[in-house]
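*Asks:* Sequence plus the predicted model coming up.
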Amino acid sequence: MNALDLDIHPCSFLTRAAGLERPIGFESLPIELDHLIADEIGADAITLSALTLVSRKLYDAFNQELFRSVNRAEALVTLASSQNERYPLQNSHPATFVKHLNIWVPHKSYDPPSNRKEVKLLRIVERYLPLALRNISVYGQKAALRSLMIDLFIGTTSFAKLVGNIDEEKQAFAALREVSLRCCFLVSDFRQSLARLRMALGPSLQSIELLRPLEGEADPRLFSKILGQIGERCGNLTRLCIELPDQPQQTFRNLQTVFTSSTFCFPSLRVFSFTDVRFSRPEDISQVVDITSFLRRHPGIEELEYQCLYEISLVGILPKLTRFCGFSSEAVDVCGSYEGMRPLETIVISLNRGDELQRTELVAALRKVPTVRRLIVQDTWDHHFYVHGLNSLNIRSIVEACPNLTHLQCTFDVNATEKLQQNLCVIGSLSTLQHLKLDTVKSFDKCIQDAYGFMTFQAEDMLSFVESSGQELMLAIGHAFGRHQAFQTALVVIFGWFGPLIGTIHSPPIELRFAISNEHDGFYIEDQNDNKEWDFGTFTRRAPGCDCVRYLATEREIGDIIFHSPSRVKYSGSLQLHGNLDNRGLQA
């Protein structure tokens, strides 16, 4: 035998060599193998946690992997503990190993149980994040932290209080490469917040995200001071994402000065995202922030997101642009002035609802860009409240304009959904298509009115709706892509509306998500749907996504309805989804 044949089991392994079998305890593995095992496990926190309980040696080996990247607010409790509180453990403090700290508290929803969970997470962050950062600075190696994300959709705690008192001499933030912030910079302690932020700003930073602060807590004058500090201290940025505070009643004159200034310049900038949706009325146009001069100072930008209601001209600038995300007017500019000057490969477009002239202009512009490979066409209206999208003619026109697509995402309107099979066959004519993502709309008309006037449905009816939707979808995709050589995956979202297809805030949809993969023996529904192939669709970092099937709650709802699909379901078989529905009926 020329090599050792290893079989590794949870508690022991056998080494077979020269025909002999010798059992060795799992905890006796060389430390190099422990690290290889940790690499294979990756970010599976549950498995890493279980391995730390096997023995003291494995605790030392895998605990550092467990805390290398912290993505859960609950982990802050451990990071914030003192060494005395950890007794009888006497090994290295978990804060020693932290390289990436990403804390996220999601949107505040209408559902009371979910709301309580979010508030609980926020309380954990407010109490333990300052202590955790202090321990990282005390126990960690000098300049150990590589990325910091604080993304809070609720709460009004200032950045200064979230960070706490960190000894600047410890230089915990000295080697930061990525910073992403969505939190409050209050007027009351802005000086302290700015001082804490300066500790994180330096020449090592390559990526900064300043996401829109909470309403009512953002002063544009203070925001301009933050950007000024970034311009002074972060000259090596390659990525900058900015969402302006939602304060239409306040002037942004200071902010305009920052973007106009020639000193606000980043020679290595490759990715830039700018979002400003404060103004929609003509009389507000004097308060917009024009970034045209900023873009002209950065001809090296390769990826641009411009989500603003104020239109700018992109003709003749950004010659290296490969990816664009924005409204259709700028997309028409980017594509229409192409003439071979830009290597455009990825386009993400937001369409105005029902503007057919705009869609016609867009298709004509797309015909001029033969290099485009990835295309997302999305509606500016939220599907929770409105139903719209592309019709069958739009779909055919886009397919004909972009025959070399490998990725396509779009929204089918009601009529296009009714002709699902026909439109999938049109999309199937894209011979190079590998990944497809669709939003579709269907009506769920099994609702009945209860004694109190609320619309309700029975559990068995809902399960039947889910199963029939999945079966219909799988058969349609199997028929359209069964002989397709390149096709790999599809993610299809079905918005199932109660009664008529009229979206209102009192009538949100049932949302069904089906992740489908194409393998050698057919199509399968997969258990997960966070396909990395679609990361190009967003410029900002976000936490892991949604459940496969989810019910979006209203204020009157009594609880979430969450379905979990089995790990694999072949399209020709029966689709069975399980959830916490019962036969009592639930309010819609």
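*Replies:* Yes, it's here.
*Asks:* What part of this structure, helix or strand, is modelled with the least confidence?
*Replies:* Ranking every helix and strand in the chain by mean pLDDT, DSSP states H and E puts strand 549-551 at the bottom, with a mean of 28.
*Asks:* quick check: mean pLDDT across the longest helix along the chain?
*Replies:* When the chain is parsed with DSSP state H, its longest helix is helix 112-139. Mean per-residue pLDDT for helix 112-139: 84.
*Asks:* quick one: buried residues of that helix?
*Replies:* Within helix 112-139, the residues that count as buried by 16 or more other Cβ atoms under 10 Å are 114, 118, 121-122, 124-126, 128-139. In this view, the C-beta of every residue, glycine as well, is placed from N, C-alpha and C.
*Asks:* Any regions of the stretch 51-200 of the chain where pLDDT drops low?
*Replies:* 53-55, 90, 107-115, 143 (pLDDT under 70).
*Asks:* helices or strands up against the longest helix of the chain?
*Replies:* Judged by 3 or more Cβ pairs under 8 Å, 6 or more residues apart in numbering; DSSP states H and E, helix 112-139 is in contact with helix 75-80, strand 100-105, strand 147-152, helix 159-163.
*Asks:* what's in contact with the shortest one?
*Replies:* Where contact means Cβ atoms under 8 Å, 6 or more residues apart in numbering, the residues beyond helix 159-163 that reach it are 125-126, 129-130, 133, 150, 181, 183-185, 189, 192-193, 195-197.
*Asks:* What count of nearby residues applies to the closest residue to Phe185 other than its chain neighbours?
*Replies:* Once flanking residues are discounted, Phe185 sits nearest to Ser193: 5.0 Å by Cβ to Cβ, 6 or more residues apart in numbering. Residues lying near Ser193 (other Cβ atoms under 10 Å) number 23.
*Asks:* What of Arg270?
*Replies:* 17.
*Asks:* And for Pro319?
*Replies:* Pro319 has 11 neighbours, counted by other Cβ under 10 Å.
*Asks:* what separates the nearest residue to Gly326 once chain neighbours are set aside from Ala364, distance-wise?
*Replies:* The shortest distance from Gly326 to any non-neighbouring residue, by Cβ to Cβ, 6+ apart, is to Tyr306 (4.1 Å). Counting by Cβ to Cβ, to the nearest Å, the separation of Tyr306 from Ala364 is 21 Å.
*Asks:* Tell me which of those two has more neighbours.
*Replies:* Neighbours per residue (other Cβ under 10 Å) separate Tyr306 from Ala364, with Tyr306 holding more: 22 against 14.
*Asks:* right, and that one touches Cys325 too?
*Replies:* Yes. Between Tyr306 and Cys325 there is a contact under Cβ atoms under 8 Å: 7.5 Å.
*Asks:* related to what we said a few turns ago, among the contacts of helix 159-163, which pair sits farthest apart?
*Replies:* Greatest spacing in the contacts of helix 159-163, by Cβ to Cβ: Val125 and Ala195 (20.6 Å).
*Asks:* picking that back up, nearest to Cys425 among the helices and strands packed on helix 112-139 would be which one?
*Replies:* Closest of the helices and strands packed on helix 112-139 to Cys425 is strand 100-105, at 40.3 Å (criterion: Cβ to Cβ).
*Asks:* Partner strands of the closest one, with direction?
*Replies:* Take DSSP bridges as the rule and strand 100-105 pairs in its sheet with strand 69-70 (parallel), strand 147-152 (parallel).
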